[in-house]
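Asks: Curious how this folds, go ahead:
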Amino acid sequence: MWAINMKKIAFIALGFAIVASFGFYPIDGYERSRIERLLYIQDQIDSGAKYTRIEAGAYASIDDIKLNLKDISNTSIDDLLNEDPEFSKKIARITPGGAYSLAVMDITDPNNIRYASHREDVGYQPGSVGKIAVLNAVFHEMSKIYPDDFEARIGLLCNKRVSSGIWGLGDHHTIPIYNKEKKTQLKRQVIASDEFTLFEWLDHMVSVSNNGAASVMYREAMLMSAFGKEYPRLTEEEATKYFEDTNRDSLTVYANRVVNDPLRDIGITEDDWRLGGFFTDTPGKYVGRMGGSIGTPKGLMKYLVQLEQGKVVDEASSLEMKRLLYITDRRIRYAQSNRLDSARVYFKSGSFYSCDKTKPTPCGDYAGNRFNYMNSVITVEHPNGKNYIVCLMTNVLSKNSAGAHMYLASAIDKVVTEE
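Replies: Numbering: from 1, shown residues only. Sure thing, here's the model as predicted:
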């Protein structure tokens, strides 16, 4: 849980809720990733039974996923974030008032980028969207271990298995566990003895937004940075000893650098987007929080655009991270708009809310009356070639904004695609 000051509030009900769709990485990607969860979806499809859980846009092959802006990789992000007056007027007409902030970029024609924004520099608690920073840190550190061999990095993700230990505990969100022999799948919370490959932990972190998996992979990014080329052979005992023998304050500063410095390297400032700590409480035994977490639509847009340019770590890493953000199961919130059914969508959503029962205003799940952050970042690719990116962040009190996000998604899609 994120730290909250309770001294001045008689009673606070805090909800830390980050919901994501069930599966992301391309369904046919098992041979590359060895993510066993993918076999369950493939088995369902191969069985011939009607599989209605996923939309038409979720069936893309791993080879269908491309980077849209490689041809303008030399164009700076600042040059791309210039408002298009006519496009901005159209987006402004459909943007709700109040605590809404957004950035929209039409990337259909890389040589004619259109950008629009509304309160793009306003900071919000990013919630689960911040897990993208952990994903980025892992790929950044792997590039230093294997600077000239991307397939060795994939081999590391596929073959190195690590345990949860205390790091992955404390999240009520479940993870899918697939039994290859029985071809059955169950969902349960992470337990200390759970052991998965790095690829599977990343998938748990992104696909079901499991907080424990995010903390495990944050830990592994730190270990990659600390041990460098020795990391692939690092034992669990050696990893534990490192955290037990290193000063907590030093680890806190180090953790902050590991996850945030790679963002600074690509021009994302501390006020644009930063991550202040782990996603579960249990790592607090070793590592504290520092600086708080914040995200802005502009900061997140800077990331997603440069991902499409192939400039986040390197081109191969950018593509692999994009694959991990691809939805292959039911869609929620912004991504649930029926207008996106046939589109490929690359999506991360998160919410973070708090209830103060002393206030007369309503409060409930995803409807906090003290704060009520809901965030969605998405890249949309339509079959007709219309492609665009949206970063939406809201703080509408006492209301579950999932429906509002979905309706706004339809309105934005109409603006982009029907011109």
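
Asks: Going by residue numbers, what spans are helices in the stretch 251-400 of the chain?
Replies: 297-309, 315-324 (DSSP state H, counting those that start in this stretch).

Asks: Now render these as TSV, adding mean pLDDT and mean neighbour count.
Replies: Any C-beta I mention is one placed from the backbone N, CA and C, and that applies to glycine too. Output for the helices of the stretch 251-400 of the chain, formatted as TSV (pLDDT from 0 to 100; neighbours: other Cβ atoms under 10 Å):
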stretch	mean pLDDT	mean neighbour count
helix 297-309	98	25
helix 315-324	97	20
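
Asks: Quick one: the ones you listed as a markdown table, columns for distance to residue 172 too.
Replies: Formatted as a markdown table, the helices of the stretch 251-400 of the chain follow (distance: least, Cβ to Cβ, whole Å):
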| stretch | distance to residue 172 |
| --- | --- |
| helix 297-309 | 26 |
| helix 315-324 | 23 |
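
Asks: Of all these, which one comes closest to residue 38?
Replies: With Cβ to Cβ as the criterion, residue 38 lies closest to helix 315-324 of the helices of the stretch 251-400 of the chain, at 11.5 Å.

Asks: now the closest one and helix 297-309, what's the angle there?
Replies: With axes from the mean of the first three to the mean of the last three Cα atoms, to 10 degrees applied, the angle from helix 315-324 to helix 297-309 works out at 120 degrees.

Asks: who touches helix 315-324?
Replies: 24-26, 29, 62, 65-67, 70, 135-136, 139-140, 142-143, 150, 153-154, 202-203, 206, 306-313, 346, 379 (Cβ atoms under 8 Å, 6 or more residues apart in numbering).

Asks: one more time with 7 Å
Replies: If you take Cβ atoms under 7 Å, 6 or more residues apart in numbering as the criterion, helix 315-324 is touched by 24-26, 29, 62, 65, 67, 135, 139, 143, 150, 202-203, 206, 307, 310-312, 346.

Asks: same check, this time on stretch 145-154
Replies: For stretch 145-154, with Cβ under 7 Å, 6+ apart as the criterion, the contacting residues are 32, 142, 224, 228, 229, 231, 316.

Asks: now these: which count as buried?
Replies: Restricting these to buried positions leaves 32, 142, 224, 231, with burial counted as 16 or more other Cβ atoms under 10 Å.

Asks: so which of the residues you listed comes closest to residue 247?
Replies: Residue 247 has its nearest neighbour among those in residue 224, at 19.9 Å by Cβ to Cβ.

Asks: these two touch, right, the closest one and residue 231?
Replies: Yes: taking contacts as Cβ atoms under 7 Å, residue 224 lies within contact range of residue 231: 4.8 Å.

Asks: low-confidence ranges in this protein?
Replies: 1-25, 49-53, 328-329, 419 (pLDDT under 70).
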